[in-house]
Structure formats: structure tokens, C-alpha cells
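Chemist: Everything below, folded, please.
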Amino acid sequence: MGGINTLRVAHHFLEERVPKGGFCIDATAGRGNDTAFLCGLVGSEGRVIAFDIQQEAVNSTRALLAEKGLSAQVILDSHSHMDQYAEKETVDAIVFNFGYLPGGDHKIFTHPETSIAAIEAGLELLRPGGMMSLCIYYGGDSGFEEKNALLEYLRTIDSKKFTVLVTEFANRPNNPPIPAFILKEI
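Modeler: The predicted structure is shown next:
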């Protein structure tokens with residue numbers, strides 16, 4: 001099975017909450033692995049939309065989906081615009097991987113301004129009982145600015161409407177990614 005890592009933790013939470021026939025958003029398509037995972041969860045009756053600002057990521061995601069025989073709408077646009085593609089309270093899950101494109105240009109990475117705007121848009125899109133998974137990669141080329149801003153922002157989310165869970169790998173060296181989850185109350 002392999003060791004526990006940020007993506008395994010996120011995928012476990014998603015498996016528990018995403019229904020067949022559901023609607024999910026991959027806010028940071030990257031290489032398409034989460035998009036494909038979400039497609040598997042919702043099945044052929046469900047719907048997945050994926051966003052990325054890099055054409056390389058859009059192409060990688062589309063190629064992976066084609067290779068696996070899966071279907072999703074992959075859009076070259078910022079995750080901060082996701083509310084232009086979905087209605088309020090219709091989305092079962094939204095997935096973020098903050099940082100840079102694996103194997104891509106490390107000078108291109110997510111930034112707190114658009115990431116927080118995307119989370120705010122996503123909170124409106126989540127259906128009651130829906131969830132958001134945030135994998136916060138930081139350090140190295142992308143630094144700590146976004147991590148610090150995201151963690152500070154998460155503390156401000158209305159506790160009457162959402163439960164926010166932030167976890168950490170306490171004994172891992174360097175800058176281990178931080179898995180965080182937002183659950184919309186029913």
C-alpha cells in the first residue's frame with residue numbers, strides 16, 4: 001500500500017464523501033492525477049471540471065484522461081474563476097494542490113490572492129455536506145508566503161457554516177505538505 005502522504009490522506013477523505021454521480025472540481029489540474037481520481041469517484045454518471053492556468057497542465061490532464069478512457073471538462077483558466085462554471089451549492093467536492101506544476105517551471109506557482117479568492121468562490125459552490133481538500137505545498141522555489149496566508153485565512157472561515165481541519169506531518173523533514181479540509185455543514 002505504501003506510506004501515508006498528503007495525497008493519500010486527501011484521497012481517503014474524498015472517497016468517504018464523494019457520491020457516484022456527483023459533481024467535483026479539480027481547481028489545480030496539474031498533471032491530471034486528481035482529475036482522473038475524481039472521475040473514478042463520480043463514475044460515468046458524474047461530472048468533473050478541472051482548471052489550470054498553464055497550457056502544459058491542461059494538455060497533460062487531457063492526455064491522461066484520454067489514456068484512461070475518462071471524461072472531464074478541462075479548462076485553461078484560473079481557479080479563482082470557478083464560480084463562472086458552476087452553480088451555487090451544486091458541487092460535492094473541490095480539490096486544490098497549491099504550489100507549482102510537478103516537473104514544470106518552478107517560477108510559475110499558485111499565489112495567495114488568487115488561491116484565497118478560489119477558496120471563497122468554492123465555499124459558495126459546495127453543496128451542504130460537501131467538502132474541499134487543500135494540499136498545501138510550500139518552501140523551495142515557491143516559499144512560505146502562500147502557506148502562511150492560507151493557514152491564516154482558514155482560521156477566519158465561519159465556524160457556523162464550515163468545519164476546517166488542518167493536519168500536519170510532525171516528524172517529517174524539510175517542508176512536508178499540509179493537508180487541510182473544509183466541510184460544509186448540512
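
Chemist: mind checking how far the closest residue to residue 55 other than its chain neighbours is from residue 114?
Modeler: Computed as C-beta to C-beta, 6 or more residues apart in numbering, the closest residue to residue 55 that is not its neighbour in sequence is residue 76, at 6.1 Å. Every residue, glycine included, has its C-beta placed from N, CA and C. Separation of residue 76 from residue 114 (C-beta to C-beta, to the nearest Å): 15 Å.

Chemist: Could you give the number of residues near residue 59?
Modeler: Per other C-beta atoms under 10 Å, the neighbour tally for residue 59 reads 14.

Chemist: roughly how far apart are the residue nearest to residue 55 and residue 90?
Modeler: Taking C-beta to C-beta, one finds residue 76 at 22 Å from residue 90.

Chemist: same deal with residue 130?
Modeler: Taking C-beta to C-beta, one finds residue 130 at 9 Å from residue 90.

Chemist: ditto for residue 19
Modeler: For residue 19, the distance to residue 90 (C-beta to C-beta) stands at 13 Å.

Chemist: ditto for residue 127
Modeler: From residue 127 over to residue 90 the distance is 6 Å, taken as C-beta to C-beta.

Chemist: neighbour-wise, which of these two wins?
Modeler: Using other C-beta under 10 Å, the more surrounded residue of residue 127 and residue 90 is residue 127, with 17 against 13.

Chemist: Quick check: pLDDT value at the more buried one.
Modeler: Looking at residue 127, its pLDDT reads 98.

Chemist: Surely it touches residue 93?
Modeler: No: look at residue 127 against residue 93 with C-beta atoms under 8 Å: they stay out of range, at 9.5 Å.

Chemist: Could you check how far the residue nearest to residue 98 when sequence neighbours are not counted is from residue 15?
Modeler: Excluding its sequence neighbours, the residue lying closest to residue 98 (C-beta to C-beta, 6+ apart) is residue 110, at 4.6 Å. Using C-beta to C-beta, residue 110 is found at 25 Å from residue 15.
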